[in-house]
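Visitor: predicted structure and sequence below. I'll ask about it afterward.
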Amino acid sequence: MASVKLTNVKKVYDKDVVAVHDFNLDIKDKEFIVFVGPSGCGKSTTLRMVAGLEDISGGTVEIDGEVVNDLQPKDRGIAMVFQNYALYPHMSVYDNIAFSLRLQKMPEDEIYEKVTRAAEILGITEYLMRKPRALSGGQRQRVAIGRAMVRESKVFLMDEPLSNLDAKLRNQMRAEIILLRQRLQTTFIYVTHDQTEAMTLGDRIVIMKDGYIMQVGTPTEVFEMPKNLFVAEFIGAPKMNIMGTELLKENGEYYVTPFGAKIKVDGIKGAMLKEKNIAAGKITLGVRPEHMVLAEEGAANAIPVTLEVNEMMGSELHLHVLTEDGTKLILRIPTIDLDATLRTEMTNGKKLWVTFAGKVMHFFDAENETNVLVDQD
Amino acid sequence: MSTNNASMKKHMGLKASRVVSNTVIYVILIAMSVIWLIPFVCIVLQSFRVENTWQVGYILPKQWGWDNYAALLKTDFKVWYLNTFIMALVVSVLQTMIVLCMSYTLSRFRFKLRQPLMKLMLVLGMFPGMLTMIILYRVLKDLGMTQANAVPGLILVYIASSGMGYYVSKGFFDTISKSLDEAARVDGATRLQILFKIILPLSKPIVIYTILTAFMGPWGDFVFARYISFGTSAGMNVAVGLNGWLSLDQIDQRYTMFCAGGVIVAIPVAVLFMCLQKYYVEGVTGGAVKG
């Protein structure tokens, strides 16, 4: 249980390759923070600097108020779960979990107690005498978590712990991590490239790109108010539809004109545009696939499109459509509201009309790609 | 029907050609094995010949016995054997430690002159060791480690450059995931504990390979051993001592004893290899194929 503070943390390789630029973040005690971003964005490097597995090129890392820059990993009060589990292949599950306790010279009966308790929590008691190679991926991951658990550390670090598991197991383990977090009541830093994991696990999410923090916020904040186009596209699946368009201001009301349609910006977004008195002109418009709907043919606020691909996902359809100028859009249409004839008629090449409401729009500066409705600090 | 016949004929033809090529390969391999084994069989047979001690024109002894082996005990052979054994044992322990530490360091640590150091060792390794012989002799002589004191001197010579033989074991260590080291570091292990508790138990084949090659160096050395012992029997190893018996004035009395000595020298190494053969093969290929 501890706070973690990163101040101007920097990582430079070979004198000129900067992997992490001035990283500033305050992680509160018992907070679950997720670093997310595409590969090469510096998320793992930052985590490894907190762990002490990478040297810190600049800035300071504090754990519980103490600067740990020059401390060995074992002296930082951290535990870590690795992407490839990093279990010691020649040791039994029991010995793997007991390894750190034995190094601390803890009495064997105490070790026994701790290991069996951790095994019980994780449901791996019956595998304690097995070698890691005789375990499945999910069981191995549990052992890796068990090994980190018994250290009773101040901060729990996880480096893409679920990315080696298949989709079904990943969902299951994700839920288990949420339960584990409730039980352990400690500070977590979790690295992933999967936005779903980030959204479901994190109290706050740190979205990174090319070594820079793009946005820090709660899942709701980053989803509803992405600070820039990168965050908007990265969070949410399928990704947000982006359209270059014009923002018009007529009689004090705002309108957008994507692909010849004219749609009024109303609701909260309209109010915010007015409040900030955003000037009319070129703008990049973003609309999430789930916020796009099918419209009546020829309606004034509808965009004519051609269906290219129809993905049946069960509870919803993912429609990949092309506008008349060739821009690709994606729609998520719940099948429950779709009548049977429409569902069967969704074949490639079909002409459709799509529209969206004013309150779901996101507006980004056409030049610097920042969200015009979010204050940039 | 005709197609069936044609394919059947083709099948039979292929089968026949495979039988022929296999036969030829086996004949060649058997012939090579025989040629390779003959000297060893001859030495073993000669060592049991008791009717005379010089070289004869036949292979099978007329009279069999242990006389040659018994006679060895009355010579300096015991001293040479002990010298060789001590050297091989000490060198195998020290050299293994040095090589493994060196390999671990080069595999896991990233320090400034790592690459230049590896290149330098590669280049130095290309020079024949013999080139250093004269200067080594001078140095060892000044230290009083030649002739009767050749054993410690030779041990020094054998282990001095052993760190340069890091290639195979470094290659093996490179295949062991670095995240194991990192996990152990987070768990609180020191670098030395990581080497002994994590890396070495996972590298059994390469450790055994290193011990075996380190043992074999002094066990079969002739050139350095002869040079440093410089004719003093007390400082000789078996190869040098036995070689002395092949001189013109001794060969007629010592030839069968020489063969007996050769057999005794081969026994420990043969036993070692037979027991550890499985690991040895894994070790040799370990650098290339993940173990």
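Guide: In hand now; what should we look at? Numbering: from 1, shown residues only, chains lettered A, B, ... in the order given.
Visitor: who does the strand or helix carrying B:A270 touch, helix- and strand-wise?
Guide: Assignment of secondary structure by DSSP states H and E places B:A270 within helix B:251-286. Counting by 3 or more Cβ pairs under 8 Å, 6 or more residues apart in numbering or on different chains; DSSP states H and E, the packing neighbours recorded for helix B:251-286 are helix B:2-47, helix B:67-72, helix B:77-108, helix B:167-174, helix B:204-220, helix B:238-244. Where C-beta positions appear, they are placed from N, C-alpha and C, glycine not excepted.
Visitor: bridged to the nearest residue to A:K262 once chain neighbours are set aside, which residues?
Guide: With sequence-adjacent residues excluded and distances taken as Cβ to Cβ, 6 or more residues apart in numbering or on different chains, A:K262 is closest to A:Y255, at 5.5 Å. A:Y255 forms beta bridges with A:L248, A:K264, as assigned by DSSP bridges.
Visitor: ok, A:Y255 - contacts?
Guide: A:L247, A:L248, A:K249, A:K262, A:I263, A:K264, A:V265 (Cβ atoms under 8 Å, 6 or more residues apart in numbering or on different chains).
Visitor: can you get me a residue count around the first one?
Guide: Translated: A:L247. Residues contacting A:L247 under the criterion other Cβ atoms under 10 Å in any protein chain shown number 22.
Visitor: where does A:M214 sit: helix, strand or coil?
Guide: In terms of secondary structure, A:M214 is strand; the call rests on DSSP: H, G, I helix; E, B strand; the rest coil.
Visitor: typo on my end, it should be A:H318
Guide: Each residue gets one of three states, and A:H318 gets strand by three-state DSSP.
Visitor: among the helices and strands packed on helix B:251-286, which is nearest chain A?
Guide: The stretch from the helices and strands packed on helix B:251-286 with the least distance to chain A (Cβ to the nearest Cβ) is helix B:204-220; that distance is 9.0 Å.
Visitor: contacting residues around that closest one?
Guide: Counting by Cβ under 8 Å, 6+ apart, the neighbours of helix B:204-220 from elsewhere in the structure are B:84, B:87-89, B:91-92, B:95-96, B:99-100, B:154-155, B:158, B:162, B:165, B:168-169, B:172-173, B:200, B:225, B:237, B:239, B:265, B:269, B:272-273, B:276, B:279-280, B:282-284, B:286, B:291.
Visitor: would you pull up the residue in the stretch 151-300 of chain A closest to chain B?
Guide: Counting by Cβ to the nearest Cβ, the stretch 151-300 of chain A gets nearest chain B through A:R151, at 7.3 Å.
Visitor: am I right that that residue is in a helix?
Guide: No - secondary structure assignment (three-state DSSP) places A:R151 in coil, not in a helix.
Visitor: count of neighbours near it?
Guide: A total of 22 residues lie near A:R151 under the criterion other Cβ under 10 Å.
Visitor: tell me the pLDDT at it?
Guide: Turning to A:R151, the model gives it a pLDDT of 86.
Visitor: correct me if wrong: it contacts A:A79.
Guide: Yes - A:R151 sits in contact with A:A79 when judged by Cβ atoms under 8 Å, with a separation of 4.3 Å.
Visitor: shared neighbours of these two, which are they?
Guide: With Cβ under 8 Å, 6+ apart, A:R151 and A:A79 have no common neighbours.
Visitor: on that earlier part again, could you check how far the residue nearest to A:K262 is from A:L273?
Guide: Here A:Y255 is placed at a distance of 10 Å from A:L273 (Cβ to Cβ, to the nearest Å).
Visitor: contacting residues around B:S169?
Guide: Listed by Cβ under 8 Å, 6+ apart, the contact partners of B:S169 are B:V99, B:L100, B:S103, B:S203, B:I206, B:Y209, B:T210, B:G287.
Visitor: out of those residues, who's the most crowded?
Guide: B:I206 (28 neighbours).
Visitor: for it, which non-adjacent residue is closest in space?
Guide: Closest residue in space to B:I206, ignoring its immediate chain neighbours: B:F172 at 4.3 Å, by Cβ to Cβ, 6+ apart.
Visitor: quick check, that neighbour in contact with B:S203.
Guide: Yes - B:F172 is in contact with B:S203 according to Cβ under 8 Å; the separation is 5.8 Å.
Visitor: neighbours around A:I97, how many?
Guide: Neighbour count for A:I97, taken as other Cβ under 10 Å: 29.
Visitor: and what of A:P219?
Guide: 18.
Visitor: same thing with B:K10?
Guide: Other residues near B:K10 number 10, with proximity taken as other Cβ under 10 Å.
Visitor: now do B:L14
Guide: Using other Cβ under 10 Å, B:L14 has 10 other residues around it.
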